[in-house]
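A.B. asks: generate a structure from the sequence data that follows.
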Amino acid sequence: MSAPAGSRTGGLHLPVTLVTAWLLLTSPWVSLLRRIPAGAGWLDYAHVGLGLAALPLATAYAFACARGGGWRTYLPFLSGRMGVVARDLGQLLRGRIPSAEAGGLFALIEGLLLVALLAAAVTGAAWLAAAGGPAALDWRTWHLLAARISAGLVVLHVVTVSLHLVELLRD
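C.D. replies: Numbers count the residues shown, from 1 in each chain. A predicted model of the protein is given here:
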């Protein structure tokens, strides 16, 4: 098993979390379509700026999590290690909280969230690069899909972290 994510990521979790939270929480007030409109407000520009900052942050975080075999922990389906995930799902069905230390379901949710964040950052940057062109709205569609998947996985991640805290308090 690889080292815990916190020891590998060099303090990237907090900035990634803050940027992601800002982008998700303020996105309902962002009004960007084919290009940045002439009357864009500070929220629009903040979204574009922080969205661009999210790309290198999420990329660095992904590399930090993946190194040393961490990719096997976070994306177990790529290495044929789905048995741990199946075991964790069985534990949940029996009303038990799976361990967060052994990879499994909770790590899979983190890995999928990281992939979704990368997808949202890449598609957002592509959308901006295509601004005004015929592909802009297509990139926007993909970006919105990736952002919505990210939002759902953020909720699941918060739930799993909360369950992990409950597990720690019980011990």
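A.B. asks: isn't residue 121 right next to residue 53, touching?
C.D. replies: No. Using C-beta atoms under 8 Å, residue 121 is not in contact with residue 53, being 9.1 Å away. From N, CA and C alone the C-beta is placed, and that goes for glycine too.
A.B. asks: looking at the protein, which helix is longest?
C.D. replies: helix 136-170 (DSSP state H).
A.B. asks: any buried residues in that helix, and which?
C.D. replies: Under the neighbour-count criterion of 16 or more other C-beta atoms under 10 Å, helix 136-170 has 136, 139-140, 142-143, 146-147, 149-151, 153-154, 156-157, 160, 164 buried.
A.B. asks: again, but for stretch 57-70
C.D. replies: If you call a residue buried by 16+ other C-beta under 10 Å, then stretch 57-70 has these buried ones: 57, 58, 61, 62, 64, 65, 66, 70.
A.B. asks: report the rounded mean pLDDT for that stretch.
C.D. replies: Computed over stretch 57-70, the mean pLDDT rounds to 93.
A.B. asks: show residues contacting it.
C.D. replies: The contact list for stretch 57-70, computed with C-beta atoms under 8 Å, 6 or more residues apart in numbering, reads 2-3, 5, 8-10, 12-13, 15-16, 19, 71, 74, 110-111, 114-115, 117-118, 121.
A.B. asks: now, of these, which are buried?
C.D. replies: For the contacts of stretch 57-70, burial is judged from neighbour counts taken by 16+ other C-beta under 10 Å, and it is met by 2, 5, 8-9, 12, 16, 19, 71, 74, 110-111, 114-115, 117-118, 121.
A.B. asks: quick one: least confident of the residues you listed?
C.D. replies: For the buried ones among the contacts of stretch 57-70, the model is least confident at residue 2; its pLDDT is 42.
A.B. asks: how about low-confidence regions in this structure?
C.D. replies: Flagging of the chain using pLDDT under 70 yields the residue ranges 1-8, 101-102, 171.
A.B. asks: strands of the chain, start to end?
C.D. replies: Residue ranges of strands cannot be listed for the chain, since DSSP state E assigns none.
A.B. asks: hey, where'd the helices end up in it?
C.D. replies: Listed in chain order (using DSSP H), the helices of the chain are 5-8, 13-26, 42-66, 70-74, 82-93, 104-129, 136-170.
A.B. asks: mind checking which of the ones you listed is nearest residue 32?
C.D. replies: Distances from residue 32 to each of these were compared using C-beta to C-beta; the shortest belongs to helix 42-66, at 6.0 Å.
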